[in-house]
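A.B. asks: Predicted model and sequence follow; I will ask about them next.
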Amino acid sequence: MDLSEVRRRMADGWLYACNSPELFAEQERRRDVLDAYNALPFSGSEERSALLAKLVAEMGEGCVIEPPFCANWGGANLHLGNNVYANMGLTLVDDADIFIEDDVMIGPNVTICTAAHPISPRLRAKGLQYNKPVRVRSGAWLGAGCVVLPGVTVGEGSVVGAGSVVTRDVPAGVVAAGNPCRVLRRIGEKDELVYDHDKPVEGFWRDA
């Protein structure tokens, strides 16, 4: 199977051999750039931002990914909107597209996976893999240590609790948590007025 066919299958969700020398060589090149990104000093934010723009497929304004940042393909299939913030320890299995839209917050040590393997051990031994894209909609917040699995969409404005394992789509405007992740409640008007067990949001914050 030639490399162009492998790339098509990677993007379209069909089985392909992920252990080919050609793919590995490209991963090596991209991971070397990612190593350089992670090696920059904390004070090198401007240089880090410029390098991030070269690593990812596309990037809007005001995006920050704190090092260490790990990505199977060095961020090659990561699409960032505006004002995306990811805390330390973000891990991406980015063999397919990951779309992170505007104003998304990602807590420390979050993992987002697009790659999966057949259940059959015989097929896995052949190095077979398939991919499903992931999308995190605008304004969502992924809590610390959560894991988002292949093919999942997290809805606009939703909160995924720390340590959750997201196995299926999360609708817009909800708080969801657990393993497997499930909806706990809707986000409503009360959330504009109180936080952290009914502490009041002061007026100057509400009106800002």
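C.D. replies: Right, received. Where do you want to start? Quick caveat: nothing in here was measured; it's all calculated off a predicted structure.
A.B. asks: what sits up against the longest helix seen in the chain?
C.D. replies: The residue-count maximum for a helix in the chain (DSSP state H) belongs to helix 21-39. Residues outside helix 21-39 that contact it (CB atoms under 8 Å, 6 or more residues apart in numbering): 3, 6, 48, 51-52, 54-55, 67-76. Placement of C-beta: from N, CA and C, glycine included.
A.B. asks: Kindly write the PyMOL command that selects the buried subset of the residues you listed.
C.D. replies: Of the contacts of helix 21-39, the buried ones can be selected in PyMOL as follows, counting by 16 or more other CB atoms under 10 Å:
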select buried, resi 6+48+51+52+55+67+69+70+71+72+73+74+75+76
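A.B. asks: list the buried ones in the longest helix of the chain?
C.D. replies: 23, 26-27, 30-31, 34, 37.
A.B. asks: Please convert these to JSON lines, extending it with pLDDT.
C.D. replies: What follows is the buried residues of helix 21-39, written out as JSON lines (pLDDT from 0 to 100):
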{"residue": "23", "pLDDT": "89"}
{"residue": "26", "pLDDT": "89"}
{"residue": "27", "pLDDT": "92"}
{"residue": "30", "pLDDT": "94"}
{"residue": "31", "pLDDT": "95"}
{"residue": "34", "pLDDT": "97"}
{"residue": "37", "pLDDT": "97"}
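A.B. asks: Now for those: which two are most distant?
C.D. replies: 23 and 37 (21.1 Å; CB to CB).
A.B. asks: Now, the contacts of helix 21-39 that are in helices?
C.D. replies: Using DSSP H, the contacts of helix 21-39 in helices are 3, 6, 48, 51-52, 54-55.
A.B. asks: Check the chain and tell me which residue is nearest its centre.
C.D. replies: Nearest to the mean C-alpha position of the chain, by CA atoms, centre = their mean, lies residue 112 at 4.4 Å.
A.B. asks: So in terms of bridging, what pairs with that residue?
C.D. replies: Counting by DSSP bridges, residue 112 forms beta bridges with residue 92, residue 148.
A.B. asks: In contact with it, which residues are there?
C.D. replies: With CB under 8 Å, 6+ apart, residue 112 has these contacts: 90-94, 98, 134, 136, 147-148.
A.B. asks: What about residue 143, how many residues nearby?
C.D. replies: Residue 143 is flanked by 19 other residues according to other CB atoms under 10 Å.
A.B. asks: hang on, isn't it packed against residue 164?
C.D. replies: Yes. Here residue 143 reaches residue 164: they are 6.8 Å apart, a contact under CB atoms under 8 Å.
A.B. asks: Please enumerate the shared neighbours of these two.
C.D. replies: With contacts taken as CB under 8 Å, 6+ apart, residue 143 and residue 164 have residue 177 as neighbours in common.
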